[in-house]
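Engineer: Test case, fold it:
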Amino acid sequence: MKFSTTPFSFSLLAIAIAAACPVQATKTLTQQQQFISANGTIDAEAKTTSTDDGQVQLRVYRFKAADGSIKSLELTPDMPQLQTKSVWFDGLYALAQQERRDNSVNEITDWGFNDQQAVPCPCFETGAKWHYVWTRDLSYSVDLGLGALDPQRAQRSLQFKTSKVRPELIAQGVSDTEVALQDTGSGGSWPISSDRIVWSLAASGLQAQDAAGNSDDAKQVWLNQWYSITRNTIMQDRQYIFDPVMGLYKGETSFLDWREQTYPRWTANDTVFLGESYALSTNVLHYVALQRAASAAKTQEPDKAQQFADWAQALKQAINDHFWLPEQGLYASVVGERQNPVPMQQYDLLGLALAITHQVATPPQAAQILQNYPLSNFSAPVVFPQQQQIPIYHNRASWPFVTAYTMRAAKQQDQADVYTKLAESLYLAAGIHTSNMENMEWLTGAVHVEDGALSGPVINSERQLWSVAAYLDFVIQQLFGIQQRGDHLLIDPYVPVKLARNVNLGATAELTNLTYNGLQLNVRLDIPNSGNPRQVYRLSQATLNEKPITLSKTHQLDIALADVETDRLDLVLQLTPVDSAPPITSKPFKLNKASGFTAAEQRQIFAPKEPELTLNITDKGYAELTFNNQGETDVQFQLYRNGKPINTKRASSYLDKSSKGPYSQCYSLTQTYKDTKLTSLPSRTLCTPGDSERFIAGEGLTANDQEVTHYLDLPVYKNWGLPEQQLTLQMTAKADGNQALRLQYFIDNGPINTGITAVVKQVLANCPQSGMQRAAIVMPHLATATEAGWSSNAYFNAKAGETCSISIVDGFNMSYLQHFTLYTGGKGGKTGPLNQAVIYAAEVRPVASTD
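Structural biologist: Below is the predicted model of the structure:
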């Protein structure tokens with residue numbers, strides 16, 4: 001990379017005379033710079049108009065994109081600005097602030113809401129192509145710093161993503177509550193998608209203000225509100241998606257919500273696996289919410305504080321027990337369903353970064369993660385390895401907001417080289433494309449790559465909210481190190497020497513006119529000319545409002561805001577070069593192309609296709625399993641039974657003579673390249689029936705207020721599932737231990753990839769010796785209304801020979817919430833709540849232990 005700088009030019013503007021009073025002459029300084037890298041060129045110009053006495057009146061930045069288009073930004077002296085020696089770096093900060101303002105709207109729209117009419121909401125919209133507020137995007141953006149830059153708008157946006165229950169349902173006996181929303185999603189949303197708890201990550205960190213900008217009373221009011229909503233959401237999720245055996249929360253990965261992109265291909269038409277498996281990112285978010293709730297409960301509900309703290313600690317342990325792969329030095333992105341809890345050897349950068357920054361990972365684990373997760377010449381992909389024959393979006397892509405969280409992890413671990421590389425990807429992406437884009441191809445940073453049917457990213461948007469937040473987090477909270485924790489302002493700059501020289505910061509870097517949680521900040525970094533590329537400029541001395549102030553920790557300043565008499569803080573921070581932690585020895589990908597890979601390169605980047613597993617029960621009752629490599633070569637199969645690997649002696653089939661018996665045994669298959677050791681996603685889990693028992697509608701499966709009708713010539717309970725409706729059956733356990741109950745159903749509630757009407761019910765199992773037990777069951781949307789699907793499994797314990805009375809009663813889904821009366825893009829919204837399906841049969845089977 002290199003700089004190209006045009007010498008400064010000056011021009012004298014005309015002197016105007018008005019009312020016989022002279023107007024001071026102004027001059028314009030024009031600076032042009034290019035930043036040239038292997039991934040593209042940042043082409044920037046700044047024109048600064050000032051008076052003869054040096055007072056800046058206007059600064060105009062112009063960026064030229066690769067396609068020749070020009071983007072201009074005008075900054076008046078009162079606007080937030082960054083001033084360094086680097087014109088383009090200063091301009092990119094101005095661009096991020098401008099795009100934050102562009103995303104600050106008074107009304108929002110979406111094709112699926114309010115008949116596409118505008119909804120009044122002084123909120124943050126999601127991007128140039130996304131004019132609505134989404135729980136996930138908003139929450140990560142607020143957590144990345146937008147909440148500090150506009151607390152009132154952030155609070156209103158967060159409030160928009162909460163809801164109480166519809167009054168008509170309360171009248172029918174549904175318990176009232178107020179919870180965070182899960183937006184439309186896979187299989188009909190929650191609890192297949194289950195990361196809505198990310199709302200708490202943002203809400204608990206927000207420094208609330210009232211309309212006048214005052215914070216004292218507003219903070220308490222907001223604490224009362226966010227704690228109540230977080231507590232309610234925790235308790236509801238505990239009831240419906242927490243698995244007490246695994247100690248984990250079920251549901252889809254956070255953010256990675258396009259099934260075929262990062263899950264096995266067979267989930268395109270089967271989302272039950274998403275709802276029954278366990279995701280690293282989502283579980284870390286639940287851990288954070290429990291921690292924050294435990295802290296708040298000390299004053300809000302002291303009797304709950306210890307319970308939440310205990311739940312958090314147990315969850316942290318369960319995450320490490322089930323997700324950590326010691327040989328790989330990484331956490332798995334997903335662990336399979338309870339019957340077959342196999343950790344996928346695919347890795348999710350957001351989940352990994354969150355695990356580091358929230359101390360789920362120990363420092364040694366964090367170091368291993370940063371060492372073992374791959375980087376390219378441009379950036380880090382959001383998942384690794386990549387999946388074959390899948391277009392670029394999450395697959396084969398870098399997302400700036402995930403990069404920002406990884407930068408936080410690198411700073412926490414003092415890994416300056418990783419931090420510098422990730423920072424470079426943020427400023428290159430913003431500068432080359434003249435916007436904070438939604439995503440880029442991970443090897444080149446391109447916003448579009450032609451690769452036939454695999455071209456992409458298939459969806460991309462300018463000024464994507466969490467990408468804007470990512471850039472501002474990089475500059476304000478990471479580089480300058482400005483963060484607020486309660487009533488304390490923490491200052492912890494982190495400027496790697498290599499980054500400072502790559503960017504050409506110069507001797508000073510100054511943030512001016514920064515409004516941060518109501519404070520007016522002007523912060524100057526004094527950067528020495530000394531230091532070697534392995535060092536980081538860290539804080540050594542500071543003045544506050546022209547008075548020296550003592551550092552609270554090594555390289556950190558802690559300002560108690562109660563001790564400061566003014567809202568204006570002028571900080572001058574003297575930096576000094578210090579040695580960073582020993583650099584990790586990662587092996588970055590050196591490819592500068594996004595397609596046309598050689599066979600060898602293909603096997604370094606892409607996992608094998610998931611193999612096909614076939615199960616047949618022999619005449620003797622054994623499980624006979626056959627493997628199909630789907631055309632892959634030089635691979636090794638790995639068969640799993642009930643979550644444990646089986647040695648199949650490199651064969652392409654396996655006869656399991658231990659499978660005969662009353663218990664259902666479950667199997668899945670992966671395959672691994674022998675040379676690069678990349679492993680496929682798993683095959684579909686297949687289970688033997690064991691001593692299962694079926695209960696057909698009208699033949700053992702009884703409805704309390706419905707007669708049996710027929711659908712596709714099958715006996716069914718049509719449109720079953722109103723709040724007062726129940727199904728009952730009686731079963732006698734064939735073996736001791738865990739029993740799994742599931743329903744066979746048809747559904748026409750909406751497309752398999754979206755909606756809010758996954759059918760969610762509760763199973764009450766009353767077994768005389770084992771007691772009353774409760775579990776949840778989910779019937780997500782299916783690909784078609786004419787093919788039966790199987791629900792998720794509800795588990796309960798029974799003794800052999802024990803007769804249990806089973807009731808299936810009402811549960812809860814997103815259509816029960818008042819907020820979704822706005823939803824007009826599908827069923828369950830404006831037309832009324834919907835938590836119903838066509839029920840054909842129930843099945844109960846004893847399942848083998850996974851211990």
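Engineer: what packs against the one helix or strand Trp199 maps to?
Structural biologist: Trp199 belongs to helix 198-203 when elements are defined using DSSP states H and E. Applying 3 or more Cβ pairs under 8 Å, 6 or more residues apart in numbering; DSSP states H and E, one finds that helix 198-203 makes contact with helix 135-141, helix 151-160, helix 216-240, helix 280-300. The way it works is simple: take the backbone N, C-alpha and C, and place the C-beta from them, glycine included.
Engineer: on contacts alone, who are the packing partners of the last one?
Structural biologist: Okay, so that is helix 280-300. Using 3+ Cβ pairs under 8 Å, 6+ apart, the elements in contact with helix 280-300 are helix 198-203, helix 216-240, strand 248-249, helix 302-323, helix 349-357.
Engineer: in stretch 40-55, what's buried?
Structural biologist: Buried residues in stretch 40-55, defined by neighbour count with 16 or more other Cβ atoms under 10 Å: Gly40, Thr41, Ile42, Asp43, Ala44, Glu45, Ala46, Lys47, Thr48, Ser50.
Engineer: Can you read off the backbone torsions of the spatially closest residue to the fifth one that is not a sequence neighbour?
Structural biologist: Of all residues not flanking Ala44 in the chain, Trp88 sits nearest, at 3.6 Å (Cβ to Cβ, 6 or more residues apart in numbering). Main-chain dihedrals, Trp88, degrees, to the nearest 10: phi -70, psi -30.
Engineer: Can you get me a residue count around Trp88?
Structural biologist: One way to gauge burial is a neighbour count; for Trp88, by other Cβ atoms under 10 Å, it gives 27.
Engineer: Spit out the contact partners of it.
Structural biologist: Contact analysis of Trp88 by Cβ atoms under 8 Å, 6 or more residues apart in numbering lists Gln33, Gln34, Phe35, Ile42, Asp43, Ala44, Phe63, Gly431.
Engineer: before we move on, the earlier item: may I see the helices and strands packed on helix 198-203 organised as TSV, with mean pLDDT, mean neighbour count and distance to Gln365 added?
Structural biologist: What follows is these, written out as TSV (pLDDT from 0 to 100; neighbours: other Cβ atoms under 10 Å; distance: least, Cβ to Cβ, whole Å):
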stretch	mean pLDDT	mean neighbour count	distance to Gln365
helix 135-141	99	26	23
helix 151-160	98	22	32
helix 216-240	97	18	26
helix 280-300	99	23	13
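Engineer: Now do Tyr745 against His781, distance only.
Structural biologist: When Cβ to Cβ, to the nearest Å is applied, the distance between Tyr745 and His781 equals 11 Å.
Engineer: Show me which of those two is the more surrounded one.
Structural biologist: Just comparing Tyr745 and His781: by other Cβ under 10 Å the higher neighbour count belongs to His781, 27 against 23.
Engineer: The more buried one contacts Ile756, correct?
Structural biologist: No. Contact status for His781 versus Ile756: not in contact, 10.0 Å apart, counting by Cβ atoms under 8 Å.
Engineer: shared neighbours of these two, which are they?
Structural biologist: Gly188.
Engineer: Flag the shaky bits of the stretch 751-851 of the chain, pLDDT-wise.
Structural biologist: Screening the stretch 751-851 of the chain residue by residue with the criterion pLDDT under 70, one finds no matching range.
Engineer: change it to 90
Structural biologist: Applying pLDDT under 90 to the stretch 751-851 of the chain flags residues 850-851.
Engineer: what ranges do the strands span in it?
Structural biologist: Using DSSP state E, counting those that start in this stretch, the strands assigned to the stretch 751-851 of the chain run over residues 759-767, 771-779, 789-790, 794-798, 803-810, 837-846.
Engineer: what is the orientation angle of the second one with strand 803-810?
Structural biologist: Using axes from the mean of the first three to the mean of the last three Cα atoms, to 10 degrees, the direction of strand 771-779 lies 50 degrees away from that of strand 803-810.
Engineer: So which bits of strand 771-779 are buried?
Structural biologist: Taking 16+ other Cβ under 10 Å as the neighbour-count basis, strand 771-779 is seen to contain the buried residues Gln773, Ala775, Ala776, Ile777, Val778, Met779.
Engineer: Name all residues that make contact with the fifth one.
Structural biologist: Remark: with contacts taken as Cβ under 8 Å, 6+ apart, Val778 is in contact with Gly187, Pro191, Ile192, Val272, Gly275, Ala758, Val759, Val760, Ser791, Ser792.
Engineer: mind listing which of the residues you listed are in helices?
Structural biologist: With helices taken from DSSP state H, the overlap with those comprises Val272, Gly275.
Engineer: As a markdown table, the contacts of Val778 with distance to Ala800 and neighbour count would be great.
Structural biologist: Supplementary listing: the contacts of Val778 in a markdown table, determined by distance: Cβ to Cβ, whole Å; neighbours: other Cβ atoms under 10 Å:
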| residue | distance to Ala800 | neighbour count |
| --- | --- | --- |
| Gly187 | 35 | 32 |
| Pro191 | 31 | 30 |
| Ile192 | 34 | 29 |
| Val272 | 28 | 21 |
| Gly275 | 30 | 27 |
| Ala758 | 34 | 33 |
| Val759 | 32 | 25 |
| Val760 | 31 | 29 |
| Ser791 | 25 | 28 |
| Ser792 | 25 | 29 |
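Engineer: Restricted to strands, list the buried residues of stretch 40-55.
Structural biologist: Counted as lying in strands by DSSP state E, out of those, are Gly40, Thr41, Ile42, Asp43, Ala44, Glu45, Ala46, Lys47, Thr48, Ser50.
Engineer: mind putting those residues in a markdown table, distance to Pro846 and pLDDT included?
Structural biologist: Converted to a markdown table, these look like this (distance: Cβ to Cβ, whole Å; pLDDT from 0 to 100):
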| residue | distance to Pro846 | pLDDT |
| --- | --- | --- |
| Gly40 | 60 | 92 |
| Thr41 | 65 | 94 |
| Ile42 | 63 | 96 |
| Asp43 | 68 | 96 |
| Ala44 | 68 | 97 |
| Glu45 | 73 | 96 |
| Ala46 | 72 | 96 |
| Lys47 | 77 | 96 |
| Thr48 | 77 | 95 |
| Ser50 | 81 | 93 |
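Engineer: Look up phi and psi at the spatially closest residue to Lys660 that is not a sequence neighbour.
Structural biologist: Here the nearest residue to Lys660 in space, its sequence neighbours aside, is Gly621; by Cβ to Cβ, 6+ apart that works out to 4.2 Å. The main-chain torsion angles of Gly621 are listed as degrees, to the nearest 10 and equal phi 90, psi 10.
Engineer: Check the burial of Gly621 by counting its neighbours.
Structural biologist: With other Cβ under 10 Å as criterion, Gly621 counts 11.
Engineer: State the distance from it to Thr362.
Structural biologist: Distance, Gly621 to Thr362, using Cβ to Cβ: 46 Å.
Engineer: picking that back up, let me see the confidence value for the residue nearest to Ala44.
Structural biologist: Trp88 is assigned 98 on the pLDDT scale.
Engineer: Distance-wise, check it relative to Val60.
Structural biologist: According to Cβ to Cβ, Trp88 stands 14 Å off from Val60.
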